[in-house]
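Got a predicted structure here, sequence first:
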Amino acid sequence: MAAPMELSCWGGGWGLPSVHPESLIVMAYARFSGAPLRVSAVDHSWSAPQGDVPVLIVEDAVIAQPAKILNYLRKQKYNADYELSAKQGADTLAYIALLEEKLLPAILHTFWVEAENYWSVTKPWYASRIPFPLRLYLPGKMSRKALNRILLMRGEPPLYRLNDVEAQIYRDAKECLNLLSNRLGTSQFFFGNAPTTLDAFVFGFLAPLYKVHFPKVQLQEHLKQLHNLCRFCDDILSGYFRLSVTGFSPAGQDTVDANLQKLTQLVNKESNLIEKMDDNLRKSPQHPPRKLTTLKLSAAGEESSSSTRLSP
């Protein structure tokens, strides 16, 4: 009997099983290959350090990073690529590299760096699933990590300024989306009638961008003009995750927006409270430690005290 496999990942919203691209990649591949994963979404009992999600837990082994998790599943005979030719396998690696180089920086920027999106959508959503007090600083840490990753990937000469980097990454992302749309064409999946690793990666990157409701939608608007890529995401959601492809109804979306607004207010109040407590502690007078008074006993007192302690 095969050992049970548990996937720890970020949960879902907006009609998605997960809003986290890397978590969604692993979940999609597991559905495509038939791997029996038990999904455990991050909640208020979570204590793992940031950077360990998604992780696959098998007995005493913990496997992190989507590529390593997918390799493990293949070794366990859950292979979505077994019908691919050598050329198709090489194309898969090339397109995944393209996604990570051209599309991922813009997705990170949309979720974690674009201020309006971060404060009104990303931070409240993640903070609502992270236990206190981690929710007060962990979203900010994740945002800084995303920005550093963008600058590391694309902040090369002559793109020294952040505005120049932003303009370039969105141009590259739109070009990448156009290439993916042309490659997919009218096909259901990228290599015929069955989904593979490439489909899992494309779905993982595109679905959150397609479904999450952002106030700033520069890249999202471009994606929604590429109807075959939107249909690709909808088909996987309806065929493999049994979720409504229409997302939320207008009334349901109003409820989501209201909840996000409440969460934003709550997180901001908690942050302000912590700051005030820190200010009060810094401003409070510091008193030197009190010294204990040493009592000296007379000889008679010492004798009396000793006899008292030794008496039965």
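In hand now; what should we look at?

residue contacts, the nearest residue to Pro21 once chain neighbours are set aside?
Once flanking residues are discounted, Pro21 sits nearest to Gly204: 4.7 Å by C-beta to C-beta, 6 or more residues apart in numbering. No exception for glycine: its C-beta is placed from N, CA and C like everyone else's. Listed by C-beta atoms under 8 Å, 6 or more residues apart in numbering, the contact set of Gly204 reads Pro21, Glu22, Ser23, Leu24, Ile25, Val26, Ala28, Pro66.

residues touching Gln65, list them.
By C-beta under 8 Å, 6+ apart, the neighbours of Gln65 are Glu22.

any chance you could map the helices in the stretch 1-150 of the chain?
All helices of the stretch 1-150 of the chain, identified by DSSP state H, counting those that start in this stretch, fall at 21-33, 66-75, 86-98, 104-108, 115-117, 123-127, 134-154.

Name the helix or strand of this protein that has the lowest mean pLDDT.
helix 299-310 (a mean of 39; mean pLDDT, DSSP states H and E).

re earlier: so where does the residue nearest to Pro21 fall, helix or strand?
helix 197-211 (DSSP states H and E).

what's the offset of that helix from the middle of its chain?
14 Å (C-alpha atoms, centre = their mean, to the nearest Å).

can you give me the mean pLDDT across the helix or strand that it is followed by?
Proceeding C-terminally, helix 197-211 gives way to helix 218-224 as the next helix or strand, assigned by DSSP H and E. Looking at helix 218-224 alone, the average pLDDT works out to 94.

Could you pull out the buried residues of helix 218-224?
Within helix 218-224, the residues that count as buried by 16 or more other C-beta atoms under 10 Å are Leu219, Gln220, His222, Leu223.

The third one contacts Leu180, correct?
Translated: His222. No. Counting by C-beta atoms under 8 Å, His222 does not reach Leu180; the two are 11.7 Å apart.
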